[in-house]
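Participant: Got a predicted structure plus its sequence, pasted below:
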Amino acid sequence: MKRIITLFLVTILFLSFIFLQTNAQNPLLSITFTTITPGGYFSPNHILAVWTETESGDFVKTHLVYANARKQHLYTWNTEPANGNEVDAVTGATQTSHRTYTVTWDCRDLDQNIIPDGNYVLHIEMADTHSQGPLAEIDFTITENVFTLEPPDETNFTDISLVYNPDISSIESLKTEKELLKIYPNPATNFVNFGFTLDKDEIINIEIYDEKFVLLDKIVSNKSFYRGQNIVSYNINKEISDGTYFVLFSTNKHIWFGEKLIISK
């Protein structure tokens with residue numbers, strides 16, 4: 001009898017786990033901004049850090065750090081509460097030119113827990129000299145609702161945009177009224193084309209995510225495209241197995257996520 005009860009409880013726990021996994025939310029915050037030099041003496045080379053804190057000043061997570069030998073000159077990021085923490089952050093070398101940056105965040109903290117609803121502050125720090133560089137602080141509020149936030153331009157940070165969706169797994173597609181992105185052939189085997197038409201010259205990002213919304217490959221990263229019709233051909237990464245995937249397509253100020261790509265090799 002005890003064995004039956006134990007098996008019953010184990011079954012219930014297993015089914016509960018599957019239910020929670022299946023119904024778990026998959027939030028996504030996309031952060032876009034363009035840097036402008038403050039005229040430091042190693043400009044256009046510059047270093048950059050992006051991180052989030054709570055409204056009360058508790059550290060949540062660093063999203064991006066582009067710095068090499070000059071990392072110590074990100075003075076604010078290196079002090080409390082961030083303390084130079086770059087766990088799970090996107091990292092890279094010192095940047096050699098100013099451009100538009102796009103950061104995507106699954107809204108999980110260092111313990112991989114989805115952050116609760118509340119007020120947060122996004123911090124952006126940039127330096128092109130051996131002294132404190134420009135800082136931007138952007139307040140935003142996480143709720144159960146989708147939002148798009150476009151703060152006013154700052155002296156050294158322009159075209160700032162935050163786009164948040166609390167559960168992108170429930171969205172079939174986020175796009176403009178006209179069909180922005182064409183994916184063909186779809187299903188795809190060894191390669192796939194991404195076709196899109198731009199109203200003006202734009203900096204584009206195209207990325208592939210799996211069904212758990214984990215980034216698998218960056219097809220195009222901050223690349224300039226001309227106004228008009230454009231086609232990007234992609235040889236499918238051999239490490240990406242058969243399945244259904246999601247494509248993120250973003251421009252300077254907007255992000256579209258949810259176009260499905262089916263791979264069947």
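Facilitator: Yes, it's here.

Participant: which other helices and strands contact the helix or strand containing residue 47?
Facilitator: In the assignment (DSSP states H and E), residue 47 maps to strand 47-54. With contacts taken as 3 or more Cβ pairs under 8 Å, 6 or more residues apart in numbering; DSSP states H and E, strand 47-54 sits against strand 59-66, strand 100-105, strand 118-127. For glycine as for every other residue, the C-beta is placed from the backbone atoms N, C-alpha and C.

Participant: Can you pull out the residues in contact with the first one?
Facilitator: Contacts with strand 59-66, where a contact means Cβ atoms under 8 Å, 6 or more residues apart in numbering, come from 31, 47-54, 71, 74, 77, 80-83, 85-95, 101, 103, 105, 108-110, 115, 120.

Participant: what angle sits between that strand and strand 118-127?
Facilitator: Angle of strand 59-66 versus strand 118-127, following axes from the mean of the first three to the mean of the last three Cα atoms, to 10 degrees, is 30 degrees.

Participant: Run through the bridge partners of the residue lying closest to residue 139 once chain neighbours are set aside.
Facilitator: Among residues not flanking residue 139 along the chain, residue 121 sits closest, at 5.7 Å (Cβ to Cβ, 6 or more residues apart in numbering). Per DSSP bridges, the residues bridged to residue 121 are residue 53, residue 139.

Participant: Can you verify my assumption that residue 121 contacts residue 51?
Facilitator: No. At 9.4 Å, residue 121 does not count as touching residue 51 under the criterion of Cβ atoms under 8 Å.

Participant: Have a look at these two and say which one is more surrounded.
Facilitator: residue 51 (25 against 16; other Cβ atoms under 10 Å).

Participant: Let me know the average pLDDT across the strand holding residue 47.
Facilitator: Averaging pLDDT along strand 47-54 gives 97.
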